[in-house]
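Asker: Return atomic coordinates for the entry below.
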Amino acid sequence: MTNKILVTKKQRANLLDAIIRMWPSVPEANVVHYLSTWRGKEPAMQVPTCGTTACFGGWCEWWPPFRKQIGLRAPKSGEKLVYGNQAGWHDITRLFGPMTEDNVDRLLAPRGCHPSDLGFSGTDHALVANRLQWLFHNSVVA
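Answerer: Coordinates of the predicted model:
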């Protein structure tokens, strides 16, 4: 039996928000193939549009409740990306709990390197949804 991953009440709520509202709102075609790849080609800090590709972490920083928790201010129209006003991997940890167990990223590992990937053959978007569900079922509020 697997040991449960300890998370806070807020991290558990964030996980449910990601499963139910945030991730389903991301267009499947806009998910970067490599889940650890950040956006970087957008000229301005604006909410991703259907022409934007991003990894799970890149999308999280634009979800308003997550952006507020990370401490990123709302971007101004046409504003260029500014270092310090972007999320990092440590911010994803703060949102969802500890990221690694046995050196495997719980949400951002390469395809095939995550416990929930065994036998999984869906799209990258579905892969993230599968991992979110896995984390939900394998975590408990401390």
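
Asker: Spell out the secondary structure type for the closest residue to residue 14 other than its chain neighbours.
Answerer: Spatially, and ignoring its direct neighbours in sequence, residue 14 is nearest to residue 95 (4.9 Å; CB to CB, 6 or more residues apart in numbering). Any C-beta I mention is one placed from the backbone N, CA and C, and that applies to glycine too. Assigned with DSSP: H, G, I helix; E, B strand; the rest coil, residue 95 falls in the helix class.

Asker: Now do residue 95 against residue 10, distance only.
Answerer: Residue 95 sits 8 Å away from residue 10, going by CB to CB, to the nearest Å.

Asker: what's the overlap in contacts for those two?
Answerer: residue 69 (CB atoms under 8 Å, 6 or more residues apart in numbering).

Asker: and these two? which has more neighbours close in?
Answerer: For the pair residue 95 and residue 10, the greater number of neighbours falls to residue 95 (23 against 14), based on other CB atoms under 10 Å.

Asker: Toward the C-terminus, what is the element adjacent to the lengthiest helix in the chain?
Answerer: In the chain, with assignment by DSSP state H, the single longest helix is helix 124-137. Using DSSP states H and E, the helix or strand that follows helix 124-137 in sequence is strand 139-141.

Asker: Quick one: residues in contact with that following strand.
Answerer: Residues contacting strand 139-141 (CB under 8 Å, 6+ apart): 4-9, 11-12, 15, 97.

Asker: Could you rerun that using 6 Å?
Answerer: For strand 139-141, the external contacting residues (CB atoms under 6 Å, 6 or more residues apart in numbering) are 4-5, 7, 9, 12.

Asker: Give me the buried subset of those residues.
Answerer: 5, 7, 12 (16 or more other CB atoms under 10 Å).

Asker: what separates the first one from residue 115, distance-wise?
Answerer: Meaning residue 5. Using CB to CB, residue 5 is found at 11 Å from residue 115.

Asker: repeat for the second one
Answerer: Distance check for residue 7 against residue 115: by CB to CB, it reads 16 Å.

Asker: Where do the strands of this structure begin and end?
Answerer: 5-7, 100-101, 104-105, 139-141 (DSSP state E).

Asker: which residues of the protein score low on pLDDT?
Answerer: 1-2, 33-54, 73-89, 99-106 (pLDDT under 70).
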